[in-house]
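Asks: build the 3D model from these lines:
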Amino acid sequence: MATTSLKLPEELKTRIQSLASHHGFSSHAFMVSALERAVEQAEARRSFIEAAGASLEDVRNGGPVYAAEDVHQWVKARVAAHTTGEKVPEPTPIRGRGSKPAAKKVGRG
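Replies: All right, here's what the predicted structure looks like:
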């Protein structure tokens, strides 16, 4: 295990000691746990942002786009079907791969 020296403001050190003691941890264990959570949150945020960027790129390259109402109904149906195991068909995209061709408008002559 690597050793790192960390300089803390006195007030923060006192707060850490108080909280750690209250929860039955050493200050060291409390700080390691807090750092682990912070790293996990930062990694999750980075992963979320990368996935969002990839989704945006997919849409820009013709990927499917769904109407919000359709997605909301689909999610509700999935939740309702969770206990029954019923298959819920995915909504049809309004644009992009898998979408239905737009209906042709019939004009008057």
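Asks: name the element the spatially most central residue of the chain belongs to?
Replies: The centre of the chain sits closest to residue 48, judged by C-alpha atoms, centre = their mean, with a distance of 5.2 Å. Element membership of residue 48, judged by DSSP states H and E, is helix 27-60.
Asks: model confidence over that helix, on average?
Replies: Per-region confidence: helix 27-60 scores 97 on mean pLDDT.
Asks: tell me what it is packed against?
Replies: Where contact means 3 or more C-beta pairs under 8 Å, 6 or more residues apart in numbering; DSSP states H and E, helix 27-60 is packed against helix 10-22. For the C-beta atoms, the positions are set from N, CA and C on the backbone; glycine is no exception.
Asks: list the buried residues for the helix it packs on?
Replies: Within helix 10-22, the residues that count as buried by 16 or more other C-beta atoms under 10 Å are 16, 20.
Asks: what does the model give residue 100 for pLDDT?
Replies: At residue 100, pLDDT is 78.
Asks: please disregard the earlier target; I meant residue 107.
Replies: Confidence for residue 107, expressed as pLDDT, is 64.
Asks: could you check the angle helix 10-22 makes with the helix holding residue 48?
Replies: 100 degrees (axes from the mean of the first three to the mean of the last three C-alpha atoms, to 10 degrees).
Asks: buried stuff in helix 27-60?
Replies: 30, 31.
Asks: how far off centre is it?
Replies: 9 Å (C-alpha atoms, centre = their mean, to the nearest Å).
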